[in-house]
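>>> fold the following.
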Amino acid sequence: MTGPEHYQAAEQLLKQVTSLNGIVSEETRHANTIAAAQAHFTAALAAATALSSTADGMDGLDRAAWDQAAGVQA
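Residues are numbered from 1 along each chain as shown. Predicted coordinates:
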């Protein structure tokens, strides 16, 4: 699994967690919120690191994959 694929998988898992909020206990909702926030911070760091790479550090296909995963408009 590539970096962009991990990023996109994390985004999908976050959607699943937030969809459970109406059917789980308050304690579980709090834990899910904290976990989701941590995941968002980690994903943001991964995207910022990948998207700030110079052209010499990342080939065009990797850059395009990260742009797509992060929703960067061409």
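
>>> C-alpha from now on. contacts and neighbour counts both.
Fine.

>>> quick check: L13 vs H40, distance?
Separation of L13 from H40 (C-alpha to C-alpha, to the nearest Å) stands at 11 Å.

>>> tell me which of those two has more neighbours.
Between L13 and H40, H40 has the larger neighbour count (other C-alpha atoms under 10 Å), namely 16 against 13.

>>> now do the helices in this structure.
Listed in chain order, the helices found in the chain under DSSP state H are 3-19, 26-51, 60-70.

>>> buried set for the first one?
Neighbour counts over helix 3-19 (16 or more other C-alpha atoms under 10 Å) mark 4, 7-8, 10-11, 14 as buried.

>>> now tabulate the helices of the chain in CSV and tack on mean pLDDT.
Compiled in CSV, the helices of the chain are given as follows (pLDDT from 0 to 100):
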stretch, mean pLDDT
helix 3-19, 76
helix 26-51, 80
helix 60-70, 78
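
>>> make a markdown table from the buried residues of helix 3-19 and add distance to L61 to it.
Listed next are the buried residues of helix 3-19 as a markdown table, based on distance: C-alpha to C-alpha, whole Å:
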| residue | distance to L61 |
| --- | --- |
| P4 | 11 |
| Y7 | 16 |
| Q8 | 16 |
| A10 | 21 |
| E11 | 21 |
| L14 | 26 |
